[in-house]
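**Student:** Sequence unavailable; structure follows:
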């Protein structure tokens, strides 16, 4: 998903679901630690670990703020970001071979509830990108309802927004965890 985000030195980037900071570190590396990254997460208990990880890696362009993206973004963030990474909460169906708990707790109706949250996060992040900005939406799911289908429906509802690239990793095909990412561009 960071490759699809294509962060550049000097940009202002939002990593909206940042904890514990692995993707933020990749973003900062791609930016040569030049620019600005705002890291948010909804879970305040994960924030100290995020901050510690970024400090240990020498990332000095990141700031941290608690925010629940199921809620609207602060007005000050509207139109601020060149790019936004949304690694949204999902069913984890792409990582079931590593997260055994997921197969026992996941129910079919959970997918529908998750897609409501995922779309809400997209809606709340959309006003935050600049007119020529981009959003990368990603999951560790292999379910079309959480991925391609959701993105296609979302773009259809928003004039001026289009899918620039998509990638679906499948465990049986790619010999890796399952994941999905799509780059949406505005303008």
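**Tutor:** Nice, I can see it. In this text the structure is predicted, and so the values were computed from the model without any measurement. Residues are numbered from 1 along each chain as shown.
**Student:** those strands in this structure, which residues are they?
**Tutor:** Along the chain, the stretches classed as strands by DSSP state E are 12-15, 36-41, 62-66, 81-87, 129-139, 161-169, 179-186.
**Student:** The lengthiest helix in the chain: how far from the chain's middle?
**Tutor:** Criterion DSSP state H: the longest helix present in the chain is helix 108-125. In this view, helix 108-125 has its centroid 13 Å away from the chain centroid, taken as CA atoms, centre = their mean, to the nearest Å.
**Student:** For it, which residues meet the burial criterion?
**Tutor:** Neighbour counts over helix 108-125 (16 or more other CB atoms under 10 Å) mark 111, 114, 115, 118, 119, 121, 122, 124, 125 as buried. For every residue, glycine as well, the C-beta is placed using N, CA and C.
**Student:** Does anything pack onto that helix? Which helices or strands?
**Tutor:** Packing partners of helix 108-125 (3 or more CB pairs under 8 Å, 6 or more residues apart in numbering; DSSP states H and E): strand 81-87, strand 129-139, helix 148-156.
**Student:** Enumerate every residue touching the residue nearest in space to the middle of the chain.
**Tutor:** Centroid-nearest residue in the chain: residue 86, 1.7 Å away (criterion: CA atoms, centre = their mean). By CB atoms under 8 Å, 6 or more residues apart in numbering, the residues touching residue 86 are 16, 17, 69, 121, 122, 125, 135, 136, 137, 138.
**Student:** In those residues, which residue is surrounded by the most others?
**Tutor:** residue 137 (27 neighbours; other CB atoms under 10 Å).
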